[in-house]
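In: Build me a structure from this.
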Amino acid sequence: MMAGREEPLAAVNDIAAFHLCQVNKRYRSSQGSTVQALADINLTVRPGEFLSVVGPSGCGKSTLLKLIIGLTEPTSGHVRFGPGGRAAGRIGMVFQQPLLLPWRTVLGNVLLPRDITRDTPAPAAEERALELLAMLGLEQFAQHYPGELSGGMQQRVGIGRALLHDPSILLMDEPFGALDAMTRDQLGVDLLRIWEADRKTVVFVTHSIPEAVLLADRVVIMTPRPGEIADVLDVPIERPRTLERVNTPAFGELVARIRAAFRHESTYR
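Out: You can find the predicted model right below:
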């Protein structure tokens, strides 16, 4: 699906986790000028799909996630959801930094959403949190504090916190960007394992093209600001995936196509 094409809403409502329809986002700068962050975004994300979003810095990738989760509203256009809408607890968010509270234990940080909303009995929430820590390989660190953990372990805690309320949609804003290459690779594999378990709808923003291809069912390629969708590429690589896939010809061809798309966009802007 290319930018500018809008699918019929009747069809979208049947197949979509959510749909961005002719979305534009403009900001007013401190000097009074208008900045166009996103332009004419049309995108349907299917239930259970893993979607990666790549693009140059400042192209509106993070703004896109804010629109989906409802932290900001489009200047024009609509973000439409499938059955249930954007109900509380249906969307989880993992940030670039784990943003853990240093005075709370690992378990306490994972339980933070429940402690804020009080929407789940405490024993059930703690049982869920401990299950997530076991899934993330952190069960032995439940009573440790963030300062006692490595960067990769802290980011795992952030993922657990986002999953506590079992959201149907998980948004991830460059969650591995600050990590070293080996830790980043391992967390990518861990994320795929977690996603394979229940196939949540994931939108994963990254600057790494190989990472985007390894993880995703489709890769959205965005242009420099104002951010538009230059192309959406399917990733026809068999699952389950491992790091060994990075060395295959099919993987290399997809990475090369995306890099070529970036060069093309830079030439004509």
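
In: And the pLDDT for residue 10?
Out: Note on residue 10: pLDDT of 38.

In: I should have written residue 32 there, sorry.
Out: pLDDT, residue 32: 78.

In: go on, residue 7?
Out: 42.

In: Use 13 as the first number for this chain going forward.
Out: Okay, using 13 as the starting number, the last item reads as residue 19.

In: Please parse this protein into its domains.
Out: Domain assignment of the chain by automatic domain parsing yields the ranges 21-102+179-279, 115-161+169-177.

In: All the strands of the stretch 113-262 of the chain, in order from the start?
Out: 181-185, 213-217, 230-234, 241-246 (DSSP state E, counting those that start in this stretch).

In: and of the ones you listed, who's closest to residue 199?
Out: strand 181-185 (10.7 Å; Cβ to Cβ). The way it works is simple: take the backbone N, C-alpha and C, and place the C-beta from them, glycine included.

In: what does that closest one contact?
Out: 29-30, 73-74, 77, 80-81, 102-108, 174-175, 212-217 (Cβ atoms under 8 Å, 6 or more residues apart in numbering).

In: which residues of the stretch 63-212 of the chain score low on pLDDT?
Out: Along the stretch 63-212 of the chain, the model assigns pLDDT under 70 to residues 96-101.

In: one more time with 80, if that's ok
Out: Scanning the stretch 63-212 of the chain for pLDDT under 80 picks out 95-101.

In: before we move on, back to that, so which of the contacts of strand 181-185 sit within helices?
Out: Of the contacts of strand 181-185, the ones assigned to helices by DSSP state H are 73, 74, 77, 80, 81, 174, 175.

In: before we move on, the earlier item: want to try TSV for the strands of the stretch 113-262 of the chain, with distance to residue 207 and mean neighbour count as columns?
Out: What follows is these, written out as TSV (distance: least, Cβ to Cβ, whole Å; neighbours: other Cβ atoms under 10 Å):
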stretch	distance to residue 207	mean neighbour count
strand 181-185	8	22
strand 213-217	6	25
strand 230-234	14	24
strand 241-246	17	18
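
In: among those, which is nearest residue 259?
Out: Per Cβ to Cβ, nearest to residue 259 of these: strand 230-234, 18.7 Å.

In: Could you list every helix and strand in contact with that closest one?
Out: Packing partners of strand 230-234 (3 or more Cβ pairs under 8 Å, 6 or more residues apart in numbering; DSSP states H and E): strand 62-66, strand 241-246, helix 261-279.

In: Out of those, point me to the one whose mean pLDDT is lowest.
Out: Across those, the lowest-scoring stretch is helix 261-279, with a mean of 83.

In: what's the distance between that one and the middle of its chain?
Out: 21 Å (Cα atoms, centre = their mean, to the nearest Å).

In: Stretch 128-135 now?
Out: 25 Å.

In: how long is it from one end to the other?
Out: Terminal residues of stretch 128-135 are spaced 15 Å apart (Cα to Cα, to the nearest Å).

In: Could you report the distance from the closest residue to residue 196 other than its chain neighbours to residue 272?
Out: In space, residue 196 comes closest to residue 188 once its chain neighbours are excluded; the distance is 4.4 Å by Cβ to Cβ, 6 or more residues apart in numbering. Distance, residue 188 to residue 272, using Cβ to Cβ, to the nearest Å: 24 Å.

In: Please say which of those two ends up with more neighbours.
Out: residue 188 (24 against 10; other Cβ atoms under 10 Å).

In: contacting residues for that one?
Out: Counting by Cβ under 8 Å, 6+ apart, residue 188 has contacts 167, 195, 196, 199, 200, 218, 223.

In: And it, how close does it get to residue 72?
Out: Counting by Cβ to Cβ - residue 188 and residue 72 are separated by 20 Å.

In: try residue 227
Out: Counting by Cβ to Cβ, the gap from residue 227 to residue 72 is 20 Å.
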